[in-house]
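Enquirer: Turn this into a model:
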Amino acid sequence: QLQLVESGGGSVQAGGSLRLSCAASGRLFSSYPMGWFRQAPGKEREFVAALNWSGGNTIYADSVKRRFTISRDNAKNTVYLQMNSLKPEDTAVYLCAAHTDLAWDYWGQGTQVTVSS
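Expert: This is a model prediction of the structure:
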C-alpha cells in the first residue's frame, strides 16, 4: 500500500510560479513511476507529467512542456511539480499518482491551484 499526500497549491496571478509536493508513505516508493494529473471543474482528469523510478526519464503533456518540471527525491519519498509561467487555464485540482505494473493505482486527494488573470 502507498499513501500519497499533496501540498503546495494556492492562488497566484498569471505568470507566477508554484511548487507542488507529493509525500508518500509506504513501502517501495522508489520503485514506482510517479505522475501528476489535474482536473478542472466540469472537465475530465488529464495527464500532466510523469517520471520513472529514478527520475531519469520524464514525459509531459504538450500544454505544460517547457513550463512545468517533474522531479523526485527517493530519499525523502517525495515527488515534486515545479510550475512556472502559470496561466489561468492551469487552474485545477492537481493530484499525484503512483503506477504499479498495470495502472495508476495509488492516488492522493489533490491540491487546488488557482491562477487569476
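Enquirer: Let me see the contact set for the residue nearest the centre of the chain.
Expert: For the chain, Trp36 is the residue whose C-alpha lies nearest the centre (CA atoms, centre = their mean; 2.8 Å). Shown in contact with Trp36 (CB atoms under 8 Å, 6 or more residues apart in numbering): 20, 22, 48-50, 70, 79, 81, 94-97. Every C-beta, even on glycine, is put in place using the N, C-alpha and C of the backbone.
Enquirer: Looking at these, which one is closest to Ser30?
Expert: Closest approach between those and Ser30, by CB to CB: Val79, at 10.7 Å.
Enquirer: Could you check how far that closest one is from Arg27?
Expert: 16 Å (CB to CB, to the nearest Å).
Enquirer: In terms of neighbours, single out the busier of these two.
Expert: Taking neighbours as other CB atoms under 10 Å, Val79 and Arg27 compare with Val79 leading, 30 against 9.
Enquirer: how about whichever helix or strand the more buried one is part of: buried residues?
Expert: With secondary structure defined by DSSP states H and E, Val79 is part of strand 78-83. Buried positions in strand 78-83, judged by neighbour count with 16 or more other CB atoms under 10 Å: 78-81, 83.
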